[in-house]
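Participant: Predicted model, plus sequence, below.
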Amino acid sequence: MKKINLAITGCMGRMGQQLIKSSNKNKNFKLVSLTENKTINKTITGIKLGLNNVEAFKKANVIIDFTIPKCTLEVLKIASKLKKKVVIGTTGFSKKEENSIRKFSKKISILKAGNMSLGVNLLMYLTEIASKSLGSDFLSKVYEVHHKRKIDYPSGTALMLGKGIADGKNKNLYNLMGKKYLNKKSFPFSNKINFNSIRKGEVVGEHEVRFSSGKELIRLNHESFDRALYSEGALTAARWLMKKKPGLYSMRDLLNFK
């Protein structure tokens, strides 16, 4: 089987480094390009680091991007010109940026997920089912924990879970978005979806959705122990995306959750 030529952006970041390790162990991929958003005179696994430009991506079949929103949109602009497929693990996009991604997906195949884990995507699916089944008698909120260096909050995964709650009620997440707390010991339920984000230590990721009627409490949760979980999921997504026409896909499409 012919190997898939892979480009990794943000290669010096935590996820970039993990993606390099995972791709070098995966027989389906050949790493052809590593980029950063600034010039760095360094070579990794025989590949000289480059900038995000046409030259860096022209040999790639697919690009995996775990960076920041501004960088992701720059990558998509180049990928769109070259007709390259893109897997996006970046989080923290604004509503305007989300709309830009949708526009790019009319020209190229994009898989975007706030979390590449099978377990987390199953949790989102179960959250949607619970939200739909429990109805308006139950209020809901989302709790998440990540390492102390993570900047954006709520996490992309927490927002995915919030979307699961909203989808279960046939509503738009932006209309149900409540307060966003940071490092609070406790936080309230409300008629909207409140979020609490904890940043501490070296936690890879913990997420929990809580539903309460005032008489009972239901918790759905997931804990990650190894960052390779995400890089391996991203590679699975990249391989799956190779056969897809232009469009915006998610891990839910890959996993075939109805």
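Facilitator: Everything's here; your move. All figures in this text were calculated on a predicted structure; none of them were measured in a lab. Numbering: from 1, shown residues only.
Participant: and the gap between residue 193 and residue 135?
Facilitator: If you measure residue 193 against residue 135 using Cβ to Cβ, to the nearest Å, the figure is 15 Å. Placement of C-beta: from N, CA and C, glycine included.
Participant: The two - which one has more neighbours?
Facilitator: Set residue 193 next to residue 135 and count neighbours by other Cβ atoms under 10 Å: residue 193 wins out with 27 against 10.
Participant: gap between residue 150 and residue 101?
Facilitator: Taken as Cβ to Cβ, the spacing of residue 150 relative to residue 101 amounts to 21 Å.
Participant: Quick check: the gap between the residue minimising distance to the centre of the chain and residue 206.
Facilitator: For the chain, the residue whose C-alpha lies nearest the mean C-alpha position (Cα atoms, centre = their mean) is residue 114; its distance is 2.2 Å. From residue 114 over to residue 206 the distance is 15 Å, taken as Cβ to Cβ.
Participant: would residue 33 count as being in a strand?
Facilitator: Yes. Secondary structure assignment places residue 33 in a strand (DSSP: H, G, I helix; E, B strand; the rest coil).
Participant: where does it land on pLDDT?
Facilitator: Each residue has a pLDDT score; the one for residue 33 is 97.
Participant: How many residues are close by it?
Facilitator: By the criterion of other Cβ under 10 Å, residue 33 has 22 neighbours.
Participant: For it, give the beta-bridge partners.
Facilitator: Residues found in beta-bridge contact with residue 33 (criterion: DSSP bridges) are residue 7.
Participant: Show me which helix runs longest in the chain.
Facilitator: With secondary structure taken from DSSP state H, the chain has its longest helix at helix 118-134.
Participant: Give me the next element, helix or strand, following it.
Facilitator: Tracing the chain C-terminally past helix 118-134 and defining elements by DSSP states H and E, one meets strand 139-146 next.
Participant: buried ones in the least confident helix or strand in the chain by mean pLDDT?
Facilitator: Ranking every helix and strand in the chain by mean pLDDT, DSSP states H and E puts helix 251-255 at the bottom, with a mean of 91. Along helix 251-255, these residues count as buried under the neighbour rule (16 or more other Cβ atoms under 10 Å): 251-254.
Participant: Next: stretch 54-71.
Facilitator: So, applying 16+ other Cβ under 10 Å, buried residues of stretch 54-71: 56-57, 60-69, 71.
Participant: just how off-centre is the least confident helix or strand of the chain within its chain?
Facilitator: If you compare the mean C-alpha spot of helix 251-255 with that of the full chain, they lie 13 Å apart, counting by Cα atoms, centre = their mean, to the nearest Å.
Participant: Send over stretch 184-193 as PDB, restricted to the C-alpha atoms.
Facilitator: Extracted C-alpha coordinates of stretch 184-193, given in PDB (Å, rounded to 0.1, in the frame of the first residue of the first chain):
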ATOM      1  CA  LYS A 184     -13.700  27.600  40.600                       C
ATOM      2  CA  LYS A 185     -14.100  24.900  43.300                       C
ATOM      3  CA  SER A 186     -17.900  24.800  42.500                       C
ATOM      4  CA  PHE A 187     -20.200  26.300  39.900                       C
ATOM      5  CA  PRO A 188     -24.000  26.400  39.600                       C
ATOM      6  CA  PHE A 189     -26.500  24.800  37.300                       C
ATOM      7  CA  SER A 190     -28.700  27.300  35.400                       C
ATOM      8  CA  ASN A 191     -31.200  27.400  32.600                       C
ATOM      9  CA  LYS A 192     -28.300  27.700  30.200                       C
ATOM     10  CA  ILE A 193     -25.100  25.500  30.000                       C
END
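Participant: gap between that stretch and the chain center?
Facilitator: For stretch 184-193, the distance between its averaged C-alpha position and the chain's averaged C-alpha position is 24 Å (Cα atoms, centre = their mean).
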